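Novice: sequence plus the predicted model coming up.
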Amino acid sequence: KAGVTQTPRYLIKTRGQQVTLSCSPISGHRSVSWYQQTPGQGLQFLFEYFSETQRNKGNFPGRFSGRQFSNSRSEMNVSTLELGDSALYLCASSSGTALYGYTFGSGTRLTVV
Amino acid sequence: QKEVEQNSGPLSVPEGAIASLNCTYSDRGSQSFFWYRQYSGKSPELIMSIYSNGDKEDGRFTAQLNKASQYVSLLIRDSQPSDSATYLCAVNPLKTSYDKVIFGPGTSLSVIP
């Protein structure tokens, strides 16, 4: 079965712009979690969506937002980009519980210049 | 205190040796524990999950959990150069099934031929 699909793979944006990243989970999975990975901070939890509802949120500013559609696809948006937002953004798919671990997508590498 | 801590690394072992990776966590109520492997430039891949005290073996990998000591470890027997990667310890800190998974900073493992 198809894995977790993230698009685009790479993005270069300038400060102040906004960006939208997309994630399609494994077919049948209803939970999508988003993480930011940087060399200094490691994997940091952004938020988790289940059945179009945000169930959990990490400690990121309001510039980071997300949503989930009825087909479980999820998008995350970052507005007013800052240099520090440069990171690998990872989407994680699960059936609905984190008890059994995640399957990650390939990630979107965002560079802010 | 950070929620999930790991050996700072990098860890170097000769081919054929046992690699031992350690992880401690702060939330005593944590219920599920994971080890992910992340090759350079790739996304994390789930290799082991463990839920109860004791050892769990899967091929060359053994996960060990001690909830009283809040300690999780991963042993890799007969280490191979292909095991060279960063190993991420991850913990589901609370009892509700949809809580976020917290990742440690990772330990870089290098297996020397």
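Specialist: Nice, I can see it.
Novice: can you pull the contacts of the closest residue in space to A:Leu83 that isn't next to it in sequence?
Specialist: Spatial nearest neighbour of A:Leu83, excluding adjacent residues (CB to CB, 6 or more residues apart in numbering or on different chains): A:Val112 at 5.3 Å. Where you see a C-beta, it was placed from the backbone N, CA and C, and this is true even at glycine. Contact partners of A:Val112, counting by CB atoms under 8 Å, 6 or more residues apart in numbering or on different chains, are A:12-15, A:81-86.
Novice: do stretch B:106-113 and chain A meet at all?
Specialist: Yes. Legend: contact between stretch B:106-113 and chain A by CB under 8 Å from any CB of the partner chain is shown at B:Gly106.
Novice: can you pull up the bridge partners for the residue nearest to A:Leu83?
Specialist: The bridge-partner assignment for A:Val112, based on DSSP bridges, gives A:Lys13.
Novice: what's the weakest-modelled helix or strand in chain B?
Specialist: One helix or strand of chain B scores below all others by mean pLDDT, DSSP states H and E: strand B:102-103, with a mean of 92.
Novice: how far is it from where the chain is centred?
Specialist: Counting by CA atoms, centre = their mean, to the nearest Å, strand B:102-103 is centred 11 Å from the centre of its parent chain.
Novice: okay, now B:Val13: neighbour count?
Specialist: The local packing of B:Val13 (other CB atoms under 10 Å in any protein chain shown) involves 17 other residues.
Novice: which residue is the nearest non-sequential neighbour of it?
Specialist: Per CB to CB, 6+ apart, closest to B:Val13 is B:Ala19, 4.8 Å.
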